[in-house]
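> 3D model of this:
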Amino acid sequence: MFKRLACVAAALLAAPAAATGFAELPPAAAVAAFTAERGEAPLWLRDGPDGPAVRRLNATLRQAPLDGLAIGPRLAAASAAAVERARGGGAVERAEAERMLSAAWVMYVQALHWPTAGMIYADSSVAPKIPAPAAILAQLASARSLAGHVERVSAVNPLYADLRAALAKEADPQLRRTLQANLERARGLPAGGRYILVDLAAQQLWMMEDGRPADSMKVVVGKAEMKTPLIAGTVRAATLNPYWNAPADLVRRSIAPAAAAGGAAYLQAKGYELLSGWQADARQLSPAEVDWQAVADGRTEVRVRQKPGPGNMMGAVKFEFARAQGIYLHDTPDKSLFAREVRTFSSGCIRLEDAARLGRWLVGRKPVAKEDVPEQVVNLPQAVPVYVTYLTARVEDGRVAVAADVYGLDGAAAQRLASR
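Residues are numbered from 1 along each chain as shown. The predicted structure follows:
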């Protein structure tokens, strides 16, 4: 995609705007087929060259660098020139303008669907999909109002629209860089529906409905040396009485030395079980079978699992959404950290201030274990996407609120955007 746009940019920069034709744009074939199917009937120009759809598209393209499409103003100039030729021309010039406007719109919409830099997509259902030109144009043609459709699509989502509006009028260079970095992250969020938004910068979770928060709570996220990644996945079930599988690095750094010193008594007090591996038929090991010094030195590994109970690190419930990456939303027996202003203390998973409340929102009732059996699964009525992102800027009551860059991601984002 970026290589293709670079070629287009070169063509636009090499030629005067008035001489830039539709045939130089990537979606030319798809647009030509689309207009042919419509019998060359006017779409953008059906209300004339000064109609609301043309004006709205031109304004959208002019601000497209804020959306990550650097050649937007060049596309706007080329489109305006084509419309001007259509104003004093005949059917050929009008058809050329229609195709030019449609091609520019396709490029803009596709740019809005580029994947978020640094985001891991743990589930294909939430991975961004760049729409095909034919689908973009079909939606356009079916819209009751073209101008309204352009405005609606370009808004992306409410959080994004607010940030972009703030960036458009912000003069301070540092705040502009912060807003631009956050725009790129916010662009990948849904426009509506139900989803969970976890903001690592604010250490906050929002239960989103139709683009707006229905509820929120504090979370504890990964410490600086064990950052929770930007990741998107899907919650399909709640797991009650969960086991906690200790991360391998934590076993090596903390559990192995303590087990070497305290022996079986230490493991029993913590509720730890030892397993031969991660496969379903892994057998339980006795403490005597494990060379704890070798585990501490990193020469061998052992799986350490904590049984359900009051001291279990997962608490009473966990919500899996990125199992392959070992990242969960989960309860915790230690609530004291939620009183801290900065809550970066976990090994990467996301601890919930009120797991039961999130469970009620997801399931429709508080998920309660009927017995003490480990790993009881309660399926959700419908799958709910989870987006773990990083927002150091938000618009609250019309003003930009800036959060601390606890993971230091804004600087890297600014460099990447500048190089683009």
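
> ok, longest helix in the chain?
In terms of residue count, the longest helix belonging to the chain (DSSP state H) is helix 91-112.

> So for T389, what's the nearest residue that isn't a sequence neighbour?
Excluding the flanking residues, the one nearest T389 by CB to CB, 6 or more residues apart in numbering is R185, at 4.9 Å. Any C-beta I mention is one placed from the backbone N, CA and C, and that applies to glycine too.

> Run a quick neighbour tally on the one you found.
When counting by other CB atoms under 10 Å, one arrives at 26 neighbours for R185.

> Over to the closest residue to L140 other than its chain neighbours. Which of the three states is it?
Of all residues not flanking L140 in the chain, H149 sits nearest, at 6.2 Å (CB to CB, 6+ apart). State at H149, reduced to three classes by DSSP: H, G, I helix; E, B strand; the rest coil: helix.

> now swap in A232 and tell me
Here A232 is strand, with the state taken from three-state DSSP.

> Report the beta-bridge partners for it.
On the basis of DSSP bridges, A232 takes part in beta bridges with Y121, Y387.

> Do a quick rundown of the helices in the stretch 51-200 of the chain.
Read by DSSP state H, counting those that start in this stretch, the stretch 51-200 of the chain holds these helices, from start to end of the chain: 52-62, 72-88, 91-112, 133-142, 146-155, 158-169, 173-186.

> Could you identify which of those is most buried?
Among those, helix 91-112 has the highest mean neighbour count (mean count of other CB atoms under 10 Å), at a mean of 22.

> Which strands or helices does that helix pack on?
Secondary structure elements in contact with helix 91-112, counted by 3 or more CB pairs under 8 Å, 6 or more residues apart in numbering; DSSP states H and E, are helix 2-14, helix 28-37, helix 52-62, helix 72-88, helix 133-142, helix 146-155.

> orientation of it relative to helix 72-88 in degrees?
Inter-element angle recorded for helix 91-112 and helix 72-88: 160 degrees (by axes from the mean of the first three to the mean of the last three CA atoms, to 10 degrees).

> so how many other residues sit close to W292?
Residues lying near W292 (other CB under 10 Å) number 19.

> Hmm, R252 and it touching each other?
No: in this structure, W292 sits apart from R252 without contact. The criterion is CB atoms under 8 Å, and the distance is 10.1 Å.

> and for the two, which residues touch both?
For the pair W292 and R252, no residue contacts each of them under the criterion CB atoms under 8 Å, 6 or more residues apart in numbering.

> Could you break this protein into its assigned domains?
2-155, 189-242+311-389, 244-306 (automatic domain parsing).

> where in this protein is pLDDT low?
Residues of the chain that meet the criterion pLDDT under 70 lie in 1-25, 414-420.

> again, only using 50
Confidence mapping of the chain against pLDDT under 50 gives the ranges 1-22.

> of the helices of the stretch 51-200 of the chain, which approaches F34 most closely?
Comparison of these against F34 by CB to CB identifies helix 133-142 as nearest, at 4.6 Å.

> So which elements touch the closest one?
Applying 3+ CB pairs under 8 Å, 6+ apart, one finds that helix 133-142 contacts helix 28-37, helix 91-112, helix 146-155.

> Which among those is found nearest to M226?
Comparing the helices and strands packed on helix 133-142 against M226 with CB to CB, the closest turns out to be helix 91-112 (32.8 Å).

> In CSV, list the C-alpha atoms belonging to that closest one.
Written as CSV, here are the backbone C-alpha positions of helix 91-112 (Å, rounded to 0.1, in the frame of the first residue of the first chain):
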residue,chain,number,x,y,z
ALA,A,91,-19.7,14.8,-21.2
VAL,A,92,-16.1,13.6,-21.5
GLU,A,93,-14.9,16.2,-18.9
ARG,A,94,-17.7,15.5,-16.5
ALA,A,95,-17.0,11.7,-16.7
GLU,A,96,-13.3,12.4,-16.1
ALA,A,97,-14.2,14.5,-13.0
GLU,A,98,-16.5,11.8,-11.6
ARG,A,99,-13.8,9.2,-12.0
MET,A,100,-11.1,11.4,-10.5
LEU,A,101,-13.3,12.2,-7.4
SER,A,102,-14.2,8.5,-6.9
ALA,A,103,-10.5,7.4,-7.2
ALA,A,104,-9.5,10.0,-4.6
TRP,A,105,-12.2,8.9,-2.3
VAL,A,106,-11.2,5.2,-2.6
MET,A,107,-7.6,6.1,-1.7
TYR,A,108,-8.7,8.1,1.3
VAL,A,109,-11.0,5.4,2.7
GLN,A,110,-8.4,2.7,2.3
ALA,A,111,-5.9,4.9,4.2
LEU,A,112,-8.3,5.0,7.1
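
> mind checking which of the helices of the stretch 51-200 of the chain is nearest M119?
Among the helices of the stretch 51-200 of the chain, helix 173-186 comes nearest to M119, with 7.9 Å by CB to CB.

> follow-up on the earlier one: export the helices and strands packed on helix 133-142 to JSON lines and tack on distance to Y390?
Conversion of the helices and strands packed on helix 133-142 to JSON lines gives the following (distance: least, CB to CB, whole Å):
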{"stretch": "helix 28-37", "distance to Y390": "35"}
{"stretch": "helix 91-112", "distance to Y390": "19"}
{"stretch": "helix 146-155", "distance to Y390": "22"}
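
> quick one: which of those helices is nearest P242?
Of all those, the one in closest proximity to P242, counting by CB to CB, is helix 91-112 (37.9 Å).

> returning to what we had before: distance to G411 for the helices of the stretch 51-200 of the chain - can I get that in CSV?
Supplementary listing: the helices of the stretch 51-200 of the chain in CSV, determined by distance: least, CB to CB, whole Å:
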stretch, distance to G411
helix 52-62, 29
helix 72-88, 25
helix 91-112, 24
helix 133-142, 35
helix 146-155, 28
helix 158-169, 18
helix 173-186, 9
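
> Just tell me which of those helices ends up closest to G311.
Ranking the helices of the stretch 51-200 of the chain by proximity to G311 (CB to CB) places helix 173-186 first, at 35.9 Å.
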